[in-house]
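> After the sequence you'll find the predicted model.
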Amino acid sequence: MKAILFDLDGVLIDSFDSWLVAFNETLEKFGKKRVSKGEYRKKYLGHELRSTFGKFGLGDDAVEYCTTQFIKNIKEIRIFPEVKKTLEALSKKFKLGLVTNAWTVFVHKTLEYFGLKNYFDVIVTYDDVEKAKPDPESIIKACESLGLDPSDVILVGDEENDVLAGKSAGCTVVGLNVESDFKIKKLSELTKFIEQSLKSRDRIVKKISS
């Protein structure tokens, strides 16, 4: 275990309400019907914008407008409790990376707003790959940038797309309230989980050596 990769939205921050407002403002501007909170959460949350708006027959102009509207509401985003404390603790022992389906402009503005950017050794966004999650390309690219094999890397995500991408890449996946190799209920549990995993590994190594 040499590095930990994180998804952004749903893991480090909660931008659901901000995205929902921007999404519906975009649909309305381009003559489409607004969606309910439940429909947005079930069908569109966590998916990259180009393919999502493509389902409505909309293109890059809608994507750009939605991103602009979202950034205007950046102050409405919440950072989850214990995020900075967790990243601070883990960054002292491991390389950290961010792998997200969000666009670069949103990612960097959000990280700068919350003072999180300096924690990450690598950041891979939607703009950096040809295929977004659940394709493993972004995970593999982050691992290559860190000079590591995916088998030495943990991915932390909260969506099925994260789980599929991580497993396809060959990482160990820790699911935040989603079934995966391991599951945690809140991010603050991650540090303890990793410490316990390392202790278990060390016990196994000592047993084999003896």
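Yes, it's here.
> going forward, measure contacts between C-alpha atoms and count neighbours the same way
Will do.
> And the helices in the protein?
Along the chain, counting by DSSP state H, helices occupy 16-29, 37-39, 49-54, 60-72, 83-91, 104-114, 137-146, 160-169, 189-209.
> Compare those and give me the one nearest Asp7.
With CA to CA as the criterion, Asp7 lies closest to helix 160-169 of the helices of the chain, at 7.4 Å.
> Identify all contacting residues around that closest one.
The contact list for helix 160-169 (CA atoms under 8 Å, 6 or more residues apart in numbering) reads 7, 46, 133-137, 139-140, 150, 155-157, 172-173, 175, 178, 180.
> got it, and stretch 9-25?
Applying CA under 8 Å, 6+ apart, the external contacts of stretch 9-25 come out as 6, 33-35, 37, 40, 45-46, 66-67, 69-70, 73-74, 76-80, 83, 100, 156-158, 176, 187.
> got the end-to-end distance for it?
20 Å (CA to CA, to the nearest Å).
> Also stretch 103-123?
11 Å.
> Restricted to buried residues, select the contacts of stretch 9-25 in ChimeraX.
Applied in ChimeraX, the following selects the buried portion of the contacts of stretch 9-25 according to 16 or more other CA atoms under 10 Å:
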select :6,34,35,40,45,46,66,67,69,70,74,77,78,79,83,100,156,157,158,176,187
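> show me where pLDDT drops low in this structure?
200-210 (pLDDT under 70).
> related to what we said a few turns ago, export the helices of the chain to CSV and append columns for distance to Asp121.
Formatted as CSV, the helices of the chain follow (distance: least, CA to CA, whole Å):
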stretch, distance to Asp121
helix 16-29, 26
helix 37-39, 35
helix 49-54, 26
helix 60-72, 24
helix 83-91, 9
helix 104-114, 13
helix 137-146, 8
helix 160-169, 18
helix 189-209, 18
